[in-house]
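Asker: this one's sequence-less:
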C-alpha cells in the first residue's frame, strides 16, 4: 500500500501553508484576527478559506464541494493547526457536514451543505424557533458547545 500523498494533496498542503504564513503567520496578525486573543475563531480567515473552497473539501461535488476524502480534511486541519490559523469552528463544521451527508434528507443536504461552503453558519438560524447554528451558539457561549434548541 502506498501512503505517499498525491501531487494534488501536496499542492493543497503547500497552498494552506502559504496562506497561513501570509495571513496569520505573525503574532501581530493573530492578535488582530482574534481581538487581542479574546476570540478563538476569526470569521475573516474562515470566510477567506471558504472563498478558496477549502471548507468544502469533504463535501460531494454535487453540492458544490470538491468531493475530497477525510484524509484531505485531515491535511487541512493539520496545516491550519501548524499555521496557528484561528478557525476554531472548522472541526464542528466538519462533524455537522459529515452527519448531514450520512443521515440527512436530500432537502437537508441541499440546505446545510451549500451554506457550509459559504463560510456561514452550518445551520441557518430559524427565527420562528429561535434556532441557531452549533458554531454560532458555541462562540456566543464562549466556546462551550451547547447545542440546545437545534
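Answerer: That came through, no problem. Since the structure is predicted, the reported quantities are computational estimates derived from the model, not experimental observations.
Asker: which non-adjacent residue is nearest residue 72?
Answerer: residue 57 (4.8 Å; CB to CB, 6 or more residues apart in numbering). C-beta coordinates here come from the backbone N, C-alpha and C atoms, glycine included.
Asker: equivalent analysis for residue 5, please.
Answerer: residue 13 (7.1 Å).
Asker: can you tell me what sits against the helix or strand encompassing the one you found?
Answerer: Using DSSP states H and E, the element containing residue 13 is helix 7-24. Helix 7-24 has contacts (CB atoms under 8 Å, 6 or more residues apart in numbering) with 5, 29-30, 33, 42, 45, 48-49, 52, 54, 71-72, 75-76, 79-80, 82-86.
Asker: and that helix, average pLDDT?
Answerer: The average pLDDT within helix 7-24 is 95.
Asker: next SSE downstream of it?
Answerer: helix 27-33.
Asker: span of stretch 96-112 from start to end?
Answerer: 9 Å (CA to CA, to the nearest Å).
Asker: what packs against the helix or strand hosting residue 102?
Answerer: According to DSSP H and E, residue 102 maps onto helix 90-103. Counting contacts by 3 or more CB pairs under 8 Å, 6 or more residues apart in numbering; DSSP states H and E, helix 90-103 packs against helix 70-82, helix 106-117, helix 134-140.
Asker: list the buried residues of it.
Answerer: Across helix 90-103, burial judged by 16 or more other CB atoms under 10 Å covers 90, 92, 93, 94, 96, 97, 100, 101.
Asker: now tabulate those in TSV and tack on distance to residue 1 and pLDDT.
Answerer: Formatted as TSV, the buried residues of helix 90-103 follow (distance: CB to CB, whole Å; pLDDT from 0 to 100):
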residue	distance to residue 1	pLDDT
90	28	83
92	32	82
93	30	80
94	25	84
96	31	84
97	28	84
100	31	88
101	26	88
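Asker: which among these gets closest to residue 107?
Answerer: Ranked by distance to residue 107 (CB to CB), the buried residues of helix 90-103 are led by residue 100 at 10.9 Å.
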